[in-house]
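Colleague: okay, here's the prediction I keep looking at, along with the sequence it came from:
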Number of protein chains: 2
Amino acid sequence: MAHRFLNRLKLMTALALTTFLAGCQPPPADSGAGSSVQSSETFQWKLVTSWPKNFPGLGMAPERFAERVNKMSGGRLTVTVYGAGDLVPAFEVFDAVSQGTAEMGHSASYYWKGKTPASQIFTSIPFGMNAQQMNGWLNYGGGMSLWREVYAPFGILPLAGGNTGVQMGGWFNKEINSLEDLKGLKMRLPGLGGEVLARLGGVPVTLPGRELFTALQTGAIDATEWVGPYNDLAFGLHKAAKYYYYPGWHEPGTVLEFMVNQAAFNSLPADLQAIVEIAAQSVNQDMLDEYTSRNIAALDALVNEHGIELRRWPDEVLVELRKAAQLVMAEEAAKDPTMKKVLDHYQAFQQGVGAYHRISEDAYNQIAHQE
Amino acid sequence: MAHRFLNRLKLMTALALTTFLAGCQPPPADSGAGSSVQSSETFQWKLVTSWPKNFPGLGMAPERFAERVNKMSGGRLTVTVYGAGDLVPAFEVFDAVSQGTAEMGHSASYYWKGKTPASQIFTSIPFGMNAQQMNGWLNYGGGMSLWREVYAPFGILPLAGGNTGVQMGGWFNKEINSLEDLKGLKMRLPGLGGEVLARLGGVPVTLPGRELFTALQTGAIDATEWVGPYNDLAFGLHKAAKYYYYPGWHEPGTVLEFMVNQAAFNSLPADLQAIVEIAAQSVNQDMLDEYTSRNIAALDALVNEHGIELRRWPDEVLVELRKAAQLVMAEEAAKDPTMKKVLDHYQAFQQGVGAYHRISEDAYNQIAHQE
């Protein structure tokens, strides 16, 4: 990086990159200790979530969001967080925000594929983009505009609300040494990941989280995915499975979401609107930072205290899963024009950022993380 | 389900994509619906930087920070940004904030190694952590507490203020095919990276940015590093060099910084303190997102329009550079107890997160970014 810069660069940049925030200066402040232009009107919002209250990782995002908004607004906008089932069930969060039962929600957009299939792309798709790439696409690549377009018919404004990073492949009681071992494999793997597994002869199972442990322990299922070391250790899955496979090709950078009822958002004064958006952005980074840090000790405990065996998916399995994922995504896109539009945009960005990351992030990490 | 919202949608879609610009609306009149606890006192802050005003990437962070603070505070805290040399020279930003000449600064902490050598670790060190890892360390691994400790004697509160991602290795007019080719290589490479190069027989040169192009073109230097495709293309370095080497082992995830005069920060009410901290955090993510996105088209233009030849450092060169970096860092730590304390902490985190990322991010990216 530079120590000093060319003056000519000043000329090139005066107009650049101001699309997000330029042009709308706030009212000038009075000089000295004058009075502000803020409204003293107060707002009390409800935020419903798809997680148990204070669920580690995922569930901390709405808590931190509420705390930051309450603090930054000096109490003018207070947000109260409700765990899944407290006000509405986990999978009614979208409807609750759409109908204005709650002003906000925190969830994952792929739960709403029944409303609009394209929603799945904004969370994570099999063999899709990682966290850094998703953030680049959403915030500077046009992804967020598409997300807003997809949610607009429901009166919902979406905001990115956290990222898990690359998830783990899952917990297995059966070794996966070849494609043959996927045949008949009963694995809890919902959504698009499950579709991909089915193409290779697997049997994807949908089960609520609370039934996973027993299902795995009794052999009702052979395997399950969950999140990553930090959440998985807390969940105790290592007590019911032998092998911990990596990497999580089915969700390589899961984006969580805040949903804001558009009418409620519009009713806020401009400063509180900005506070809602910026608080969400700060929480979006926060979750990835927390997972990055907490997964270290959790992985160490799983391997060195609990004796879990780490296994990488065999190459031939990864190659075939990837091919199957491309087919599944193409078929899904063919069914729904909005899904096709969003997927085309996503894939163009993924191809470009992949080319760039091969010579930057990947090329560096391959040498830096050698043992 | 969509139909019931269609009418409302028509009224709202015009607003749906303008959320960041919503500050154009006049503040609503006081409804008297309730009173807040906010102080009406206003504050006018100066923010001095080490970059030309609106410098692409790096220089947009202070601009966006100011916009967001001004907006979120409803004009109670207005921040005015000064380019390098406008109020104080680029390398007097630290002193200006420490002495209270300006309430804030935006720069890179490794510029202040003369004040305290440990400052270098909070920007980026050769073969150090990437952006995702640095954010994890700073925000949930204890790194930020150490940074505050290191800056406290100067009356400065540091905040992370952006990240470039893995930088490029640099622009070369000489091929690097073996260790022999580093001997006598005149490369503009300041700081710790330059120290590492010197161990392998290279000749690190310190040159101001404005002299780089000519020095490279006339052969006064054989090579130079800069940032990455987006900044490098704007700088025109492809017109003066043949080869573009990767990856940038010398700065694998450069963290920019906001500095806040501690007394000025303490004088703010709690809501404005939170606004300053959260705005910085949002901008910290924003810069990486912008580079991630804009580097794609810039790299494409460099390779496909300007015919630049991409070259990966040879393995043996990377291996020896890495060994030399370990020696340089150990020697620096031996000279300064604070540097040693911070480096030990950093390296413990790097080792842990490296083990975790090998089986998550790296393992995934190796398959996902294949051509």
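Modeller: That came through fine.
Colleague: mind listing the helices for the stretch 251-371 of chain A?
Modeller: A:262-266, A:270-300, A:315-335, A:337-358, A:361-368 (DSSP state H, counting those that start in this stretch).
Colleague: those helices: which one's closest to chain B?
Modeller: helix A:270-300 (3.0 Å; CB to the nearest CB). No exception for glycine: its C-beta is placed from N, CA and C like everyone else's.
Colleague: could you check the angle helix B:337-359 makes with the closest one?
Modeller: 80 degrees (axes from the mean of the first three to the mean of the last three CA atoms, to 10 degrees).
Colleague: name the residues of helix A:270-300 that come out as buried.
Modeller: Neighbour counts using 16 or more other CB atoms under 10 Å in any protein chain shown place A:270-296, A:298-299 of helix A:270-300 among the buried residues.
Colleague: tabulate the helices of the stretch 251-371 of chain A (JSON lines), appending distance to chain B and mean pLDDT.
Modeller: Converted to JSON lines, the helices of the stretch 251-371 of chain A look like this (distance: least, CB to the nearest CB, whole Å; pLDDT from 0 to 100):
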{"stretch": "helix A:262-266", "distance to chain B": "5", "mean pLDDT": "98"}
{"stretch": "helix A:270-300", "distance to chain B": "3", "mean pLDDT": "98"}
{"stretch": "helix A:315-335", "distance to chain B": "5", "mean pLDDT": "97"}
{"stretch": "helix A:337-358", "distance to chain B": "4", "mean pLDDT": "98"}
{"stretch": "helix A:361-368", "distance to chain B": "4", "mean pLDDT": "94"}
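Colleague: and whichever residue of the stretch 51-200 of chain A sits closest to chain B, which helix or strand is it part of?
Modeller: Nearest residue of the stretch 51-200 of chain A to chain B: residue A:136, at 3.0 Å (CB to the nearest CB). Following DSSP states H and E, one finds residue A:136 within helix A:131-140.
Colleague: gap between that helix and the chain center?
Modeller: Using CA atoms, centre = their mean, to the nearest Å, the mean C-alpha position of helix A:131-140 is found 11 Å from that of the whole chain.
Colleague: off-centre distance for the first helix or strand past that helix going along the chain?
Modeller: For helix A:131-140, the succeeding helix or strand toward the C-terminus, using DSSP H and E, is helix A:143-151. The chain centre lies 15 Å from the centre of helix A:143-151; the measure is CA atoms, centre = their mean.
Colleague: stretch A:151-159 now?
Modeller: With CA atoms, centre = their mean, you get 17 Å for stretch A:151-159.
Colleague: pLDDT on that stretch, on average?
Modeller: The average pLDDT within stretch A:151-159 is 98.
Colleague: can you tell if that stretch touches chain B?
Modeller: Yes. Contact of stretch A:151-159 with chain B (CB under 8 Å from any CB of the partner chain) involves A:152, A:153, A:154, A:155, A:157.
Colleague: quick one: residues in contact with stretch A:347-355.
Modeller: A:128-129, A:133, A:136-137, A:141-143, B:292-293, B:296-297, B:299-300, B:368-369, B:371 (CB atoms under 8 Å, 6 or more residues apart in numbering or on different chains).
Colleague: give me that answer again for 6 Å
Modeller: Counting contacts by CB atoms under 6 Å, 6 or more residues apart in numbering or on different chains, the residues outside stretch A:347-355 that touch it are A:129, A:133, A:137, A:141, B:296, B:369.
Colleague: stretch A:155-163 now?
Modeller: A:61, A:97-98, A:106, A:131, A:138, A:147, A:151, A:255-260, A:262, A:265, A:280, A:284, A:287-288, B:5, B:8.
Colleague: give me the neighbour count for residue A:160.
Modeller: 25 (other CB atoms under 10 Å in any protein chain shown).
Colleague: surely it is in a helix?
Modeller: No. Remark: residue A:160 does not belong to a helix; assigned using DSSP: H, G, I helix; E, B strand; the rest coil, it is strand.
Colleague: next, the buried residues of stretch A:198-211.
Modeller: In stretch A:198-211, counting by 16+ other CB under 10 Å, buried: A:198, A:199, A:200, A:202, A:203, A:204, A:205, A:207.
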